[in-house]
Every structure is written in C-alpha cells, then in structure tokens.
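>>> I'll drop the sequence and a predicted model, then ask my questions.
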Amino acid sequence: MGTVPFDEPDPAHFEAATAANPEQAADLIPEDQWKRFHWATPLFSLWKVWAALVAFALSILVQALDTGVSEILETLTGISRTTVLIIIAVLVGLSLLVVLVAWVFWRKQRYVLAPSGIHYRSGIISGTHRHVRWDRIQSVEIKQGIIPRIVGLGAIVIDSASTSGDDLSLGLLKMNEIQRLRGEILRIATAARTGQEFQVEDRDLPNLYDPDDAYQGEKPFYRLPTKVLLGSMLRSGTVLGIIGGIAIILIPVFLFDESFSIGIIVALGGAVAVGWGQFNLNHGLQLFLTADGIRVRRGLTTTTTQTIPPRRIHAVKVSQFLLWRGKDWWQVEVLVAGSISKDSDNASTMLMRSVIMPVGTRAEALDLLWTIVPDIGVDNLQEFFDDALVGKGPSAFFVAPPRKSRWLDPLRRKRNGIALTRTVAVLRDGWASRSMTVAFHGHWQGLKATQGPIQRKLGLATCRLSLVSGTIHWEGKNFGLTQVHGLLEEERNIGLEARARNDRESIDQWAERVGVS
Amino acid sequence: MIMSPLAPGISFVGISRDQAKIRGLIAVICLLPLLALLIVSIALWDLLWVTIAVAVALVIGLFIMFVQVRAVFYTGYHETDEELLVCRGILFRKLDVVPYGRMQEVTVEDGPLMRHYGLAKITMETASSTTDTSIPGVRRDEADRLRRRLTELGSTKMEGL
C-alpha cells in the first residue's frame, strides 16, 4: 500500500469533510484501503459465551449446595448417557452458532488510518461508522488476553477526548502490526496536535514478533515487586474493609454455632473477586520511559500496555493510605483527558488504570513525578516535598486555611494547604490518607469559587481548579475569603501566562531530558 | 452592575430582570395546587396534621421562590480579554472563571416563557464536568452576540486540552 498525501492541516477542510460529516470523509477513502482484523477475532468472542455458561452452572451449583450435597449426588447419578450427549451437542451447536455470527460480524469490521483520522466500520443490519480525529487522540493502549498473548495477538485501544461513548478498540491484530500501528498513531496524533504536516504511511513491516512488546531504546524505569503489591493491598482500606466484613459474618457462625449460609459464600466470593481484580490488574507492573512517553505494562491474565505522552497529563496525585505510613509507601495517579469514560460499568477498572504506580517508596514516587513535572517551581525541593507530603499548617510554601475553618473541617484543616508556584498549583490535603495534587497552570478548564451559608458566616470560601473529567480533583475547601480572592487572582494571571507560553515541554524535549531520545 | 463578594473589584453585567418574573411565574404555577390543597384541607378536613404539613410545604416553597427570584439580581457575567466570569447565587454563592480557549461548546436555548420575554439561556461546556457554566435570562440578541463572541474567541485562542 502506498502513502496518502496530506496537504495541510486546514481547519476548514477538517470541518467540512470530517467533523460535520464522517460518512463523507469515509467516502473519500478508497475501498481497498479498509483493513480487516485478524481472522481469529471471532474465535475469541466465544469465550464470553463460555464464561456465561460457566457462571450459570456455578450459580446452579451454589443453589444446590444450599439444599444439600447428598441431593446433588443423587441427581448426578440419575443423569443418563443420552442426557450428557444432548448437553454436549447443545454446547457445540451453540459454540458453532456464536462463531458463525461472530464471523459474519468480523467480515463487516474494517478500519483505516486516513488523513482525517482513524475510521472504524462495523455492523450488519445497521452500519456503525466511528471516526476519531487525529488531534483528539489522548492515549493509545495495547490490550492482550491470556490466550491472545500466547498466540501473539492483541487489540489496540484508542482514547479520544470525548467523554461520551467507549474507547475505540481495534483488534484482534498481530502484535507486530499493533506495534507499528501504535507508533504511527502516536506520531501522527502528535503532529496533528502541533499543526505540523504529516503523512499517513501504510506499509507492511518485516515480521518481528516480540512477546514483551518492547520499544527501541526504551529505558526500564520501575518494576513493582509482587511482595510489595501484596503488602500494599493488605494494608489498604479495601482489603481491611473486606476482612472486617467477613469477620462480622463469621463471628456469629463460630460463637453461636450457626450453620454456614449462602450469604457468607457470596460475600467471600465477592471479596476474593475484588482482591483478585486488583492483584490481576497490577501484577508485574513495569514502567518504561520511551520516546513516545511513559509506557505502563501490567496484568497477569490480561496484559495491558499503555503509553502516556507526558504532555497529555493534566495533573498528578501522590497519595498515601493510613497504614502505608510505616513503610513510607506512596501511590501515583495521573489525570489524562478522556481516559475516564462516563460509562460507569468499567469505572473501577478505569480508576485503577489511572494509577500508574500503585505503590512505591517516596523516592520512587517522586522520581516518577519528576519525569512528568520537570520543574516544580521552587528551589528547595527536599523541604517542599516534605512539607507537601507530610507537613501541616502554614509554611514557607503553603497557604493554610484560618483557624475558624475547624468548625467545618475539624480533621483535615491542619493538612489543607495550597501552594501556587511558577509552574504548578499544588494542593496538600487529607488527614488519614495524605495526598498532594499537582496541577499544571496551563491545563485547567476553569476556576471556581463557592461559598455556602455557613461559610459566609465564618468568612470562608472554597476554591477549585476545574480539571478535565477524571479521578483527580483539585479543591481547596474552607479557606479564608480574602485568601481565596488572592489565590484566584494569582491563578488567573499565572494561568493566562502559562496558556500563552505553552508551558509544557515537547515530546522531543521530554525524551531528551529523561534520556531516551 | 452587580458585585460579588467572591470577586471584589469586578462589576458584573446583570441578567434581565424579566428572568425574575419568569421564575416567579413558574413558582406560582407550581405552588398554586399546594395553596388549593391548603384551602381544601382547612375547609373540609378536620385533620390538623395534614393542614400543618401542607402549610409547612407551602412556606418552604415560598422561601425557595423568594431565594430563586432574588438570585436573579445577583446573577451576572463579566467579559475580560481572556476569560468569562459568571457569578450566581445568594445562599450558595458561586463564581466561575472560564478561559475562552477552553470552551468546547456554547449553546443558546429558550423555552416558551423565555421566548415571550425575549430571553435565552447560554450554556458553556468545557472538557471538565465541573465547569459547565450557564447564564440564564440574557436578552436574545445579547445571547447571540455572546455566543458568537465566545465561539469566535474560543477558536482564535484555540488551546484544546
């Protein structure tokens, strides 16, 4: 396949041909450029049906357990050979049907990288056409299930800034194809954003398959040991809550000699599932610094690889659970536009995914912060971070709320603090779980100040940096009214200047700074 | 001209006073059935607690109406070279600062009542779920001027995300 020339990123051209009318943009793409996914794609959709069947069988089994084991044995011995054969025949037939339907769908699924963006078509009866513009792409992620990983297949998930709808997932494709696509997409997206010219190259690469999906010239940065992951989970609030919940259920069982009820099994199952989910997601997490940004690779059964361009990060949150203090462990979370979709069904996965360092020592967390924030804007870094992470009260760096805010915020008041440096706005917060939220001046979407009736009586107000939708919020609660005036005034001026100046380093500068260019 | 205690030294352009009439009218329409119920309960039923409950609901309704109507005189906007500032509220005061370049979408809408008074509501959306700012009750021509100006400034100061 050849190259598609692209004259210039003319906004009018974009509007006319793409944004307003994706169908028209698609018509401009020759039919032979649309590409199919790997032929194995329909086979993997079979897993969902099998999983549903297993879940169904399990639920029946659990119900049966409630009625008694002897009855199950009775029923099992009562099953004749023909019944077994019929069940097997039904299962095979069902599987074939699913494969057939999936195959028909697969025939209709096509994708293409065009000058106007990434297009994806699907659907038999009603056709769907999805179009993601190059300049709207936020991040690109590679996702592999356990079996696709073994056979070297994967899917590429494209995050766009839209808050409605799912991410665009292209797959399954061969891994070398996916690596090429990712490189292409990241390259073109960067060019489109900065208004440079770009060409969409669509050529076939020599077959180099790499199970670890490594970048050329990338630098390993961090590896999460399994022991630390397990330790951090044991010390986290979720696991403690689960253990507490189970204990509450189990105590009556042992004390009053009551029999096990189905509720306990369900509760135990739920607890194990939550714990397993976290463990499975973050197991073997590794961070690499690549020429395209920070690459996060993690997962036990399903491995995901996420590449986050540092320029796309709007804020960073470094936080610590109460029980992590003894170990001085910290967690690092980033805010990337569009990475959290409003569909709440996978919100918890998304929440976990925004955490790029689930647990690490203070030095490791601050090292990671440094790769994202080159300059925190203060001279005495050591003192500043000590203050921001564990400090209390007003200090050389932080503005703290006045004493009268204790009526509204008795516990957190001492930790609350805001520091506006020349590069970032830092919020110090939390009393049981400490946190430090670093937001870039040039990236907030708006400023907000609010004052409720009680706050007014006390002469207090709340100020907020509105960041893009996600898990990180930047809200300074119950500061003095005059403090809020000052903070808003200052942040407006700094923000104005930061936006005009384009305060973030380019990806090339970044690569050079962290030493991967 | 309106001042907000959250932003001293900035004088905001107030929204149309007709918006107060609209809010009053809507409140009256909502509260009339309650008033009718109160009269009926006093006249016909001998149940004291029903009367008290309805009366309390009516008082709360009237209070909300009073606050809502009065809030119109505290709602305003201020355009600078780079940002739009909106202030709202009496009980719960709010101040929003939205840079023009951050506006993703500007919508002007009106309902039958608003159209009768020649008013419209402008809603500005950004990529943040917490800064969807709106100005209710702006004169239609002023609303259209604002929409044009905001979208125009938004695209010239295009910063995206």
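Right, received. Where do you want to start?
>>> how about low-confidence regions in chain B?
Within chain B, the segments meeting pLDDT under 70 span B:131, B:156-161.
>>> So which bits of it are right by chain A?
B:5-8, B:82-83, B:91-99, B:101-102, B:126-131, B:133, B:155, B:157, B:159-161 (C-beta under 8 Å from any C-beta of the partner chain). Using the backbone N, CA and C atoms, a C-beta is placed for each residue, glycine as well.
>>> if we go to 7 Å?
Residues of chain B found near chain A (C-beta under 7 Å from any C-beta of the partner chain) are B:6, B:8, B:82-83, B:91-99, B:101-102, B:126-131, B:159, B:161.
>>> Just the buried ones among those residues, please.
Buried residues within these, counting neighbours by 16 or more other C-beta atoms under 10 Å in any protein chain shown: B:6, B:82-83, B:93-99, B:101-102, B:126-131, B:161.
>>> Nearest residue to the middle of chain B?
Centroid-nearest residue in chain B: B:Pro136, 4.4 Å away (criterion: C-alpha atoms, centre = their mean).
>>> Find the helix or strand that the nearest residue to that residue once chain neighbours are set aside is a member of.
Of all residues not flanking B:Pro136 in the chain, B:Lys121 sits nearest, at 4.7 Å (C-beta to C-beta, 6 or more residues apart in numbering or on different chains). Here B:Lys121 sits within strand B:119-125, counting by DSSP states H and E.
>>> strand partners of that strand, parallel vs antiparallel please.
In the sheet, strand B:119-125 lines up against strand B:105-109 (antiparallel), strand B:133-139 (antiparallel) (DSSP bridges).
>>> Turn the ones you listed into JSON lines, including distance to A:His443.
Listed next are the strands paired with strand B:119-125 as JSON lines, based on distance: least, C-beta to C-beta, whole Å:
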{"stretch": "strand B:105-109", "distance to A:His443": "19"}
{"stretch": "strand B:133-139", "distance to A:His443": "18"}
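>>> could you measure the residue sitting furthest away from the middle of chain B against B:Val56, distance?
Most distant from the centre of chain B: B:Asp46, at 40.6 Å, with distances by C-alpha atoms, centre = their mean. B:Asp46 sits 19 Å away from B:Val56 when distances are taken as C-beta to C-beta, to the nearest Å.
>>> The helix or strand harbouring A:Ala439 near chain B at all?
Using DSSP H and E, the element containing A:Ala439 is strand A:434-440. No: Strand A:434-440 lies apart from chain B when judged by C-beta under 7 Å from any C-beta; the minimum separation is 11.4 Å.
>>> Show residues contacting that strand.
For strand A:434-440, the surrounding residues in contact (C-beta atoms under 7 Å, 6 or more residues apart in numbering or on different chains) are A:314-320, A:373, A:388-390, A:415, A:424-429, A:465, A:467, A:472, A:474, A:503-504.
>>> Determine the next helix or strand in the C-terminal direction from the lengthiest helix in chain B.
For chain B, the longest helix by residue count, based on DSSP state H, is helix B:18-43. The C-terminal neighbour of helix B:18-43 among helices and strands, as given by DSSP H and E, is helix B:48-71.
>>> what's the domain layout of chain A?
As given by the TED database, the domain ranges for chain A are A:39-107, A:112-194, A:311-514.
>>> Figure out which of those is closest to A:Thr302.
domain A:112-194 (5.2 Å; C-beta to C-beta).
>>> Can you give the distance of the host helix or strand of A:Glu177 from its chain's centre?
Per DSSP H and E, A:Glu177 falls inside helix A:175-194. A distance of 19 Å separates the centroid of the chain from that of helix A:175-194, by C-alpha atoms, centre = their mean, to the nearest Å.
>>> Does anything pack onto it? Which helices or strands?
strand A:137-144, strand A:153-160 (3 or more C-beta pairs under 7 Å, 6 or more residues apart in numbering or on different chains; DSSP states H and E).
>>> Neighbouring strands of the last one in the sheet, and parallel or not?
Just to be clear, that refers to strand A:153-160. In the sheet, strand A:153-160 lines up against strand A:137-144 (antiparallel), strand A:168-174 (antiparallel) (DSSP bridges).
>>> Kindly provide the whole-number mean pLDDT of that strand.
Per-residue pLDDT over strand A:153-160 has a mean of 85.
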